[in-house]
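Visitor: structure for this input, please:
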Amino acid sequence: MENMLTQTAARPLPTGAPLTATSQPVIHLRDIEKVYQTKTIETVALNRVNLTINKGEFVSIMGPSGCGKSTLLSIIGLLDEPTSGVIELDGRPVQSYSDKELAYLRNQKIGFVFQSYHLINDLSVLDNVELPLLYRAGVGGKERRERAYAALDKVGLSARTNHFPSQLSGGQRQRVAIARALAGRPEIILADEPTGNLDSVMGEEIMDLLLGLNQQEGTTIVMVTHDEQQAHKTQRLIRFFDGSQVS
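Guide: Below is the predicted model:
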């Protein structure tokens, strides 16, 4: 019997000419600052960041630990608010959205992939992928299951639907996390160190999967990474140091 920890190859993405990024901005940050304050100290996490990411781009963000990369990703993903500055999604300032509209954007437009997977150990692979869709208005049980199966098939895990996260390798767990993001059909994927906990072979497979999603399906991807080799595979590399964009 095949060992359940055997790495399963991802299903090839559709063939054809790769899609290219457009000149249409999907994310625009203007003079973004993020300052954390306590009674005795003030820490500047982001210092007047100006950044535009176009529809269909795959952008990597690099810099030393503590330079503001993950903070930037949280602000782009509407999980955190800047101290000052303007964030625009599709040309509209985020500050003009109501709390309900912001929740809708996070749920409908943006998919998240984290270094530590954030899977629920007591749920099966299929249930983990379905979970965010429970909060999606208008998506019934049948459609949730169909989307989850399709997303797992796309990342090469259709044979692992009834397994639990503890029964999977690190690379397979990261594939589940990507499938969970894909099931929501997001226009933007934000990936925070998606290969950071993986060995080089599994890291390459996850990177190839993300590249395929970008090139063949036109998904806009913003990825934080410490891996110089992986970063240079993306369309644009942005470097941060002490909260400031340096390139």
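
Visitor: longest helix in this protein, please.
Guide: helix 200-217 (DSSP state H).

Visitor: can you pull out the helices in this protein?
Guide: 69-76, 99-108, 125-130, 141-154, 170-183, 200-217, 228-231.

Visitor: any chance of these in TSV, with mean neighbour count too?
Guide: Using the backbone N, CA and C atoms, a C-beta is placed for each residue, glycine as well. Output for the helices of the chain, formatted as TSV (neighbours: other Cβ atoms under 10 Å):
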stretch	mean neighbour count
helix 69-76	22
helix 99-108	14
helix 125-130	24
helix 141-154	17
helix 170-183	25
helix 200-217	18
helix 228-231	15
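
Visitor: let me know which of these is the nearest to residue 60.
Guide: Closest approach to residue 60 among the helices of the chain is made by helix 228-231 (4.0 Å; Cβ to Cβ).

Visitor: low-confidence ranges, this structure, go.
Guide: 1-22 (pLDDT under 70).

Visitor: in it, which residue is most central in space?
Guide: Central residue of the chain (Cα atoms, centre = their mean): residue 190, 2.5 Å from the mean position.

Visitor: before we move on, the earlier item: helices or strands next to the longest helix of the chain in the packing?
Guide: strand 58-62, helix 170-183, strand 188-192, strand 220-224 (3 or more Cβ pairs under 8 Å, 6 or more residues apart in numbering; DSSP states H and E).

Visitor: pipe those into JSON lines and attach distance to residue 45 per row.
Guide: Formatted as JSON lines, the helices and strands packed on helix 200-217 follow (distance: least, Cβ to Cβ, whole Å):
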{"stretch": "strand 58-62", "distance to residue 45": "14"}
{"stretch": "helix 170-183", "distance to residue 45": "25"}
{"stretch": "strand 188-192", "distance to residue 45": "15"}
{"stretch": "strand 220-224", "distance to residue 45": "14"}
